[in-house]
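Q: Pasted the sequence and its predicted model underneath.
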Amino acid sequence: PGDAAERGIKTGDTVLISSRHGKVLRPVYLTERAMPGVVFLGEGAWVEMDEEAGIDKAGATNTLNGTLPCGQGEEPWNTCNLQVEKYVGPIKLEPDWKWPQRIIDYKEDK
């Protein structure tokens, strides 16, 4: 909350989260459970890229972390350097629960 207040961000705002690898949009929920300087971003989102803006509207962590191994035999999905700012651009985020469900139909070759 302290970091957010410095940036004029409050719960419910849309933020642009940027790294050297990419950008995502997400709605904000502020909590005292995070240390200052820490951002939590849930995993599991499928990329929903706005091609014109180059911004992932779904908040896929891979968009921010890139594909560089960390050197310890692990991919870097648990940590990266980010910048967070209040988003006032043209993209409007619909709540995730309003997005159409994605269903993959795996059919066996015959």
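A: Received it, and whenever you're ready, just let me know what you need.

Q: so Ile55 makes contact with Ser18?
A: No. With contact defined as C-beta atoms under 8 Å, Ile55 and Ser18 do not form a contacting pair (9.1 Å). Backbone N, C-alpha and C define where each C-beta goes, glycine included.

Q: More neighbours: the two, which one.
A: Ile55 (20 against 16; other C-beta atoms under 10 Å).

Q: Tell me which stretches of the protein form strands.
A: Applying DSSP state E to the chain gives strands spanning 14-18, 23-27, 49-50, 55-56, 83-86.

Q: now the angle between strand 23-27 and the first one, please.
A: Compare the direction of strand 14-18 with that of strand 23-27 by axes from the mean of the first three to the mean of the last three C-alpha atoms, to 10 degrees and you get 150 degrees.

Q: and strand 14-18, which strands flank it?
A: Within its sheet, strand 14-18 is paired with strand 23-27 (antiparallel), strand 83-86 (antiparallel), according to DSSP bridges.

Q: wait, which of those strands is closest to Ala5?
A: Ala5 lies closest to strand 83-86 among the strands paired with strand 14-18, at 11.4 Å (C-beta to C-beta).

Q: contact partners of stretch 99-110?
A: Contacts to stretch 99-110, defined as C-beta atoms under 8 Å, 6 or more residues apart in numbering, come from residues Trp46, Glu48.

Q: What mean pLDDT does that stretch get?
A: Averaged over stretch 99-110, pLDDT sits at 75.

Q: Repeat that for stretch 66-76.
A: Stretch 66-76 comes out at a mean pLDDT of 66.

Q: show me what contacts the closest residue in space to Ser18 that isn't next to it in sequence?
A: Spatial nearest neighbour of Ser18, chain neighbours left out: Gln83 (4.9 Å); criterion: C-beta to C-beta, 6 or more residues apart in numbering. Contacts here follow C-beta under 8 Å, 6+ apart; on that basis Gln83 touches Ile17, Ser18, Ser19.

Q: what do you get for Pro95?
A: Pro27.

Q: Let's see the pLDDT reported for it.
A: 88.

Q: Next one: it from Thr14, what distance?
A: Distance, Pro95 to Thr14, using C-beta to C-beta, to the nearest Å: 11 Å.
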